[in-house]
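Student: sequence first, then the predicted structure:
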Amino acid sequence: MPVPWFLLSLALGRSPVVLSLERLVGPQDATHCSPGLSCRLWDSDILCLPGDIVPAPGPVLAPTHLQTELVLRCQKETDCDLCLRVAVHLAVHGHWEEPEDEEKFGGAADSGVEEPRNASLQAQVVLSFQAYPTARCVLLEVQVPAALVQFGQSVGSVVYDCFEAALGSEVRIWSYTQPRYEKELNHTQQLPDCRGLEVWNSIPSCWALPWLNVSADGDNVHLVLNVSEEQHFGLSLYWNQVQGPPKPRWHKNLTGPQIITLNHTDLVPCLCIQVWPLEPDSVRTNICPFREDPRAHQNLWQAARLRLLTLQSWLLDAPCSLPAEAALCWRAPGGDPCQPLVPPLSWENVTVDKVLEFPLLKGHPNLCVQVNSSEKLQLQECLWADSLGPLKDDVLLLETRGPQDNRSLCALEPSGCTSLPSKASTRAARLGEYLLQDLQSGQCLQLWDDDLGALWACPMDKYIHKRWALVWLACLLFAAALSLILLLKKDHAKAAARGRAALLLYSADDSGFERLVGALASALCQLPLRVAVDLWSRRELSAQGPVAWFHAQRRQTLQEGGVVVLLFSPGAVALCSEWLQDGVSGPGAHGPHDAFRASLSCVLPDFLQGRAPGSYVGACFDRLLHPDAVPALFRTVPVFTLPSQLPDFLGALQQPRAPRSGRLQERAEQVSRALQPALDSYFHPPGTPAPGRGVGPGAGPGAGDGT
């Protein structure tokens, strides 16, 4: 269902608001004037040379006002062009100079003056037109009879029919007399396009224009162009600028009916649409349908950004021009609203993309810029925080200067500006004397200064530290005493915190699997466990030999009530199967430090004689081996898959009679997070595709044949 925030249906050849125009027949220009005046149009255009202003010899006719009207000049009923009619209103300016000495000139002088005073006035009025790509100047001769000559009064107007211009163009008009006695008049006229004319079907250039529907549906805006399949036309989206040329956003040459979809977040008030047939000298029609749309105005402010250029200069970036004013404000830490510094500073009008300046001496992270429009806060940014760091716990002092070097100080706080010194209960009032001493000793930073006052930023950190120093000392002493008591009462807990011993046995299938084992051992060491693994005992292993090293570690682990962890992999399963079948481990590809192969002679008797439960635990990785692949003999003890069964696995590693910790799930998540990068690196090594490692024997890299 269409969203009701706007629904506009336009045809570029007609519009709900149209103009009904007068028709002129014939190609010739003409002129006529007010009753009592006589006028004539020169047959040919003249050069547009206004010349310099010269003194008037006496009363002269001068243009005072330009008035325009749109008409149609038609050769036939359906063959018309848009034309601009101009009326020039005239008045008598200047006066006759009185003789300095009437007696000196006598009667002859009187008769010489009386004759021109009773004469008519004539003027040559120039109309200059400029409309891309046309420029021309016409000359109108006007004569006013003596009876209508009234100094400083309007005598009527002369009308010129007419200047032809392109649809949708801008026409600039100047008017002056020749010679020029006064500054020329000027007027700018924006001509409508086809959609603003009632008689669009009388103008041939309007016939080929496509129809355009603009509508909103959900988050999308649809531009539907209904034209024939053979017609080629251009469509352009641009940001119309009040100052400067338009900013193009999108342009395409299209054919036939089209539906162009825009996201509603792309709409701004100055987004306009231009469409035209791809034909020589075709009319380009522009519409700006989002000027009054509230969401377009909301998007405009969301896209607007403040940008700091130097210490004092900044500008507002926005797609469109907008009415706004800006002022500085002071933002204190703690979430209090930013307080405008007006007065002593003032609101400044903002122009988009124009550099603005604030009269600051120094920057401060607590200084921010507020931008208001229609008395509503639209933007607020602390521009200096990016370069000067986060907000500081400083207090802003406002100094006001009066006559005879009198000055007063107040501290800006959320409740207002507190005079210093003061007996109020605010923080600044309590520290008022210290703040005044800091100001006199030069410890405050001056941010702004003029004849009427100044702004100072004074640090408060040292007072906060001094105030809380004794409190912190008491807290530290209490914490130390409490820690000592807890340490004395929990000697047994400290001993238990050393954790249970765990011997980790594995088959070194490949270097990747060894790194995975190392990651698991390191993660288990973060828990209350003492982990032994041959990876960390290479020197002892080489000196004693694998069998002797394993026997010593196994005996010590079991004597301390620890647990032996058998970490099964495809290689370990293969070794166990060989041993169970032949009674000896096969030679081959296993390294000299493989304690797992050496341990089988001691591990198997423990399982065969039923001594394994309680002292042994099995484990394998989820995507590397399925628990069912582990030989049945070793499944007489729990076999866990990692990391999916980490909580149960960690529970089995605890002391047999230890209470189940409530933090077991948290520790399992900790181990899982530590183990995940190694798992990802093992199962998805860099430079190889992710898939390819299966589940079960032989699924990992270098896993051998499996079982």
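Tutor: Perfect, I can see it now. Predicted model, so just to flag it, every value in this text is computed and none were measured.
Student: how close does L503 sit to V637?
Tutor: Separation of L503 from V637 (C-beta to C-beta, to the nearest Å): 14 Å. Glycine gets a C-beta too; all of them are placed from N, C-alpha and C.
Student: which of these two has more neighbours?
Tutor: L503 (23 against 19; other C-beta atoms under 10 Å).
Student: please list all residues in contact with that one.
Tutor: L503 sits next to 532-533, 553-554, 557, 562-565 when contact means C-beta atoms under 8 Å, 6 or more residues apart in numbering.
Student: what's the neighbour count on the nearest residue to L535 once chain neighbours are set aside?
Tutor: Excluding the flanking residues, the one nearest L535 by C-beta to C-beta, 6 or more residues apart in numbering is G518, at 5.3 Å. By the criterion of other C-beta under 10 Å, G518 has 15 neighbours.
Student: ok, A411 next?
Tutor: Applying other C-beta under 10 Å, we find 24 residues neighbouring A411.
Student: if I follow the layout properly, it ends up in contact with P421?
Tutor: No. With contact defined as C-beta atoms under 8 Å, A411 does not count as touching P421 (10.4 Å).
Student: circling back to that earlier point, now the residue nearest to L535: which helix or strand?
Tutor: G518 is part of helix 511-525, with elements assigned from DSSP states H and E.
Student: now that helix: buried residues?
Tutor: Across helix 511-525, burial judged by 16 or more other C-beta atoms under 10 Å covers 512-514, 516-517, 519-525.
Student: from the contact counts, what lies against that helix?
Tutor: Packing contacts for helix 511-525, counted by 3 or more C-beta pairs under 8 Å, 6 or more residues apart in numbering; DSSP states H and E, involve strand 500-506, strand 529-533, helix 664-683.
Student: of all the residues in the longest one, which ones are buried?
Tutor: Same thing as helix 664-683. So helix 664-683, judged by 16+ other C-beta under 10 Å, has buried residues 664, 667-668, 670-672, 674-675, 678-679, 682-683.
Student: got the angle for that helix vs helix 511-525?
Tutor: Here helix 664-683 runs at an angle of 170 degrees relative to helix 511-525 (axes from the mean of the first three to the mean of the last three C-alpha atoms, to 10 degrees).
Student: same question for the first one.
Tutor: Counting by the same axes, to 10 degrees, strand 500-506 points 170 degrees away from the direction of helix 511-525.
Student: could you number the chain from 654 rather than 1 from now on?
Tutor: Let's use 654 as the start, then, which means that last one is strand 1153-1159.
Student: using PDB, write out every CA atom in the helix holding G1171.
Tutor: Extracted C-alpha coordinates of helix 1164-1178, given in PDB (Å, rounded to 0.1, in the frame of the first residue of the first chain):
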ATOM      1  CA  SER A1164      52.600 -30.200  12.800                       C
ATOM      2  CA  GLY A1165      49.100 -28.700  12.500                       C
ATOM      3  CA  PHE A1166      47.700 -31.300  15.000                       C
ATOM      4  CA  GLU A1167      50.600 -30.500  17.400                       C
ATOM      5  CA  ARG A1168      49.700 -26.800  17.300                       C
ATOM      6  CA  LEU A1169      46.100 -27.800  18.100                       C
ATOM      7  CA  VAL A1170      47.200 -29.900  21.000                       C
ATOM      8  CA  GLY A1171      49.400 -27.100  22.300                       C
ATOM      9  CA  ALA A1172      46.500 -24.700  22.100                       C
ATOM     10  CA  LEU A1173      44.300 -27.100  24.200                       C
ATOM     11  CA  ALA A1174      47.000 -27.600  26.800                       C
ATOM     12  CA  SER A1175      47.500 -23.800  27.100                       C
ATOM     13  CA  ALA A1176      43.800 -23.300  27.500                       C
ATOM     14  CA  LEU A1177      43.600 -26.000  30.200                       C
ATOM     15  CA  CYS A1178      46.500 -24.300  32.100                       C
END
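Student: distance from the chain centre to it, please.
Tutor: Helix 1164-1178 sits 45 Å away from the centroid of its parent chain (C-alpha atoms, centre = their mean, to the nearest Å).
Student: now the strands for the stretch 954-1103 of the chain?
Tutor: Assigned by DSSP state E, counting those that start in this stretch, the stretch 954-1103 of the chain shows strands spanning 958-961, 966-970, 977-983, 992-993, 1001-1003, 1009-1010, 1020-1026, 1029-1034, 1047-1054, 1060-1066, 1069-1073, 1098-1102.
Student: may I see the ones you listed arranged in TSV, with distance to C847 and mean pLDDT as well?
Tutor: As requested, the strands of the stretch 954-1103 of the chain are exported to TSV (distance: least, C-beta to C-beta, whole Å; pLDDT from 0 to 100):
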stretch	distance to C847	mean pLDDT
strand 958-961	38	88
strand 966-970	35	88
strand 977-983	35	90
strand 992-993	49	87
strand 1001-1003	37	87
strand 1009-1010	41	86
strand 1020-1026	35	90
strand 1029-1034	37	89
strand 1047-1054	60	87
strand 1060-1066	60	86
strand 1069-1073	61	84
strand 1098-1102	56	88
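Student: which among the ones you listed is found nearest to N906?
Tutor: Distance to N906, taken as C-beta to C-beta, is lowest for strand 966-970 among the strands of the stretch 954-1103 of the chain, at 30.9 Å.
Student: so how far is Q831 from A715?
Tutor: Per C-beta to C-beta, A715 is found 12 Å from Q831.
Student: repeat for G1042
Tutor: 69 Å.
Student: ok, T908 next?
Tutor: Applying C-beta to C-beta, the value for T908 to Q831 is 53 Å.
Student: same check, this time on P857
Tutor: P857 is 37 Å from Q831, by C-beta to C-beta.
Student: for those two, indicate the residue with more neighbours.
Tutor: Using other C-beta under 10 Å as the criterion, P857 and Q831 rank with Q831 on top: 15 against 12.
Student: if I pick the more buried one, what's in contact with it?
Tutor: Counted by C-beta under 8 Å, 6+ apart, Q831 has contacts 704, 777-779, 792.
Student: mind listing the strands for the stretch 754-903 of the chain?
Tutor: Going by DSSP E, counting those that start in this stretch, the stretch 754-903 of the chain shows strands at 774-784, 787-797, 807-817, 823-830, 838-843, 864-870, 873-879, 885-892, 900-908.
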